[in-house]
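K.L.:
A structural model of the following input is requested.
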Amino acid sequence: MPESVASRQTEKPAVPTIGNMLPPIIFGTSALGNLYQAVDRDTKRSIVSEWFAQCDGVVAADSAGKYGAGLALESMADALRSLQVAPDQILISNKLGWRRVPLTSPEPTFEPGAWVGLKHDAVQDISYDGILRCWEQGCELLSPYRPQLVSVHDPDEYLAAASGEGDRKRRWDDILAAYQALSELRDRGDVLAIGVGSKDWRVSEELAKSFPLDWVMLATSLTIRTHPEPLLDFVETMRLQGVSVINSAVFHAGFLTGGDHYDYRKVTGESVEDQELIAWRERFQIQCERFNVRPAEACVAFGMSPPGVVATALNSSKPSRIAQNVQLVSSEPPAEFWESMKRDGLIDASYPHV
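P.N.:
Below you'll find the predicted structure:
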């Protein structure tokens, strides 16, 4: 039995600040796992090739065993090998908690309809031993490359699936045990840093109080559309503690840049909430046109504006979009744009960072 969780709740160990090592853009890899569409091997190789063509220095990529039941990890390693990329030129984050298993049904049983053309299934495996199984499998799929950043994948969703308070407590103990295992990997030098990423930032806040983390990834929570003060306070607390914050999903699944989905549902315009979202986007687009600012530029710039945010994760299934994504993380819309956004009530007038 591993040492008690309570014994792990100590001061953050002396490790290099991950924020000093991360480039401002982290490349998402869900497309490499055939999210919503099958992507051929040559296109995947071109996507990875563009990462290095468009970036100076070390490239950072965010992946997970859940993405295509390990296909994203496998495809990334295949592309890196074919491009003869040295292991020290790629910084890989692997979100752990889902493990590849044989496919015994016509379609994968996890996230039906999301992943295309898979030859494997995936099962959730969150516990002390389970997270180590996920870690070891991830290393096998990535070989000869290894993940340097690790976390538990979507602990908020794991908790949300609880059948009651007792089940939630059991699941929370599973998560803490998983982080104990990850902490031991860090302490042994098998990984560089451990973190957490969840759509519900409050779960990340809860976890940060229980374990010394190196980084936190936000998703759909700190955006130009929504930026609650308690979340901004959490980001500042993390900065003061030396914990780097990575932002992601700053377009709300593409809705803010013209798409039909807001986060994880389709916007039809039939509800009052949908009508408010559409009206907000129309006003936002008018402001962007007035100041010649692309909506994507505004979204990324705002998402990176708090001092504690060191990088943004951006995903693309098209090699031709990689250069644009790289440019987004250095865009600086004019001050007049932000002032006008505040006057129009699109951004909180007291927001201090733009």
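K.L.:
ends of stretch 232-248, how far apart?
P.N.:
Taking C-alpha to C-alpha, to the nearest Å as the measure, stretch 232-248 stretches 15 Å from start to finish.
K.L.:
try stretch 322-342
P.N.:
Stretch 322-342 stretches 31 Å from its first residue to its last (C-alpha to C-alpha).
K.L.:
for it, what is the average pLDDT?
P.N.:
Average pLDDT, stretch 322-342: 96.
K.L.:
ditto for stretch 236-255
P.N.:
Rounded mean pLDDT across stretch 236-255 is 94.
K.L.:
same deal with stretch 345-354?
P.N.:
Here stretch 345-354 scores 94 as its mean pLDDT.
K.L.:
now do the end-to-end distance for that stretch.
P.N.:
Taking C-alpha to C-alpha, the first and last residues of stretch 345-354 lie 14 Å apart.
K.L.:
before we move on, what about stretch 309-322?
P.N.:
21 Å.
K.L.:
can you list the buried residues in it?
P.N.:
309-317, 319, 322 (16 or more other C-beta atoms under 10 Å). The way it works is simple: take the backbone N, C-alpha and C, and place the C-beta from them, glycine included.
K.L.:
now render the residues you listed as a markdown table, adding secondary structure and distance to Ala219.
P.N.:
Listed next are those as a markdown table, based on DSSP: H, G, I helix; E, B strand; the rest coil; distance: C-beta to C-beta, whole Å:
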| residue | secondary structure | distance to Ala219 |
| --- | --- | --- |
| Val309 | strand | 13 |
| Val310 | strand | 16 |
| Ala311 | strand | 13 |
| Thr312 | strand | 11 |
| Ala313 | strand | 9 |
| Leu314 | strand | 12 |
| Asn315 | coil | 12 |
| Ser316 | coil | 17 |
| Ser317 | coil | 18 |
| Pro319 | helix | 24 |
| Ile322 | helix | 21 |
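K.L.:
which of those residues sits closest to Asp173?
P.N.:
Of all those, Ala313 has the smallest distance to Asp173: 28.9 Å, by C-beta to C-beta.
K.L.:
roughly how far apart are that closest one and Pro23?
P.N.:
Distance, Ala313 to Pro23, by C-beta to C-beta, to the nearest Å: 11 Å.
K.L.:
strands of this structure, residue ranges please.
P.N.:
Assigned by DSSP state E, the chain shows strands spanning 25-28, 59-64, 90-96, 98-102, 120-124, 149-153, 193-198, 215-218, 244-248, 261-262, 265-266, 309-314.
K.L.:
residues in contact with the third one: which ones?
P.N.:
It stands for strand 90-96. Residues outside strand 90-96 that contact it (C-beta atoms under 8 Å, 6 or more residues apart in numbering): 21-22, 26, 58-66, 73, 76, 80, 131, 134-135, 138, 142, 145-154, 178, 182, 195, 197.
K.L.:
likewise for the second one?
P.N.:
Residues from elsewhere that reach strand 59-64 (C-beta under 8 Å, 6+ apart): 22-23, 25-29, 32, 51-52, 72-73, 76, 89-98, 147, 153, 217, 248, 311, 313.
K.L.:
before we move on, what about the first one?
P.N.:
Under the contact criterion C-beta under 8 Å, 6+ apart, strand 25-28 has outside partners 51, 55, 59-62, 93, 246, 248, 311-316, 322, 325-326, 328-329.
K.L.:
likewise the last one?
P.N.:
Residues lying outside strand 309-314 but in contact with it, judged by C-beta under 8 Å, 6+ apart, are 19, 22-28, 60, 62, 217, 222, 235, 244-248, 250, 300, 303-304, 325, 328-329.
K.L.:
neighbours of Tyr264, just the number please.
P.N.:
By other C-beta atoms under 10 Å, 10 other residues sit near Tyr264.
K.L.:
shaky segments in this structure?
P.N.:
Scanning the chain for pLDDT under 70 picks out the ranges 1-17.
K.L.:
can you check which helix is longest in it?
P.N.:
Using DSSP state H, we find that the single longest helix of the chain is helix 165-188.
K.L.:
got the angle between it and strand 149-153?
P.N.:
Taking axes from the mean of the first three to the mean of the last three C-alpha atoms, to 10 degrees, one finds helix 165-188 and strand 149-153 inclined to each other by 170 degrees.
K.L.:
so for helix 165-188, what gets flagged as buried?
P.N.:
171-172, 174-186.
K.L.:
nearest to Ala122, of these?
P.N.:
Nearest member of the buried residues of helix 165-188 to Ala122, counting by C-beta to C-beta, is Ala178, at 16.4 Å.
K.L.:
for the closest one, give me its contacts.
P.N.:
Ala178 touches 96-97, 126-128, 130-131, 152, counting by C-beta under 8 Å, 6+ apart.
K.L.:
from those, pick the one nearest Leu118.
P.N.:
Lowest distance from Leu118 to the contacts of Ala178 (C-beta to C-beta) belongs to Gly97, with 17.7 Å.
K.L.:
just checking, the closest one touches Glu157?
P.N.:
No. With contacts counted by C-beta atoms under 8 Å, Gly97 stays clear of Glu157, the gap being 9.5 Å.
K.L.:
which of the two has more neighbours?
P.N.:
Here Gly97 and Glu157 are compared on neighbour count by other C-beta under 10 Å; more neighbours surround Gly97, at 25 against 14.
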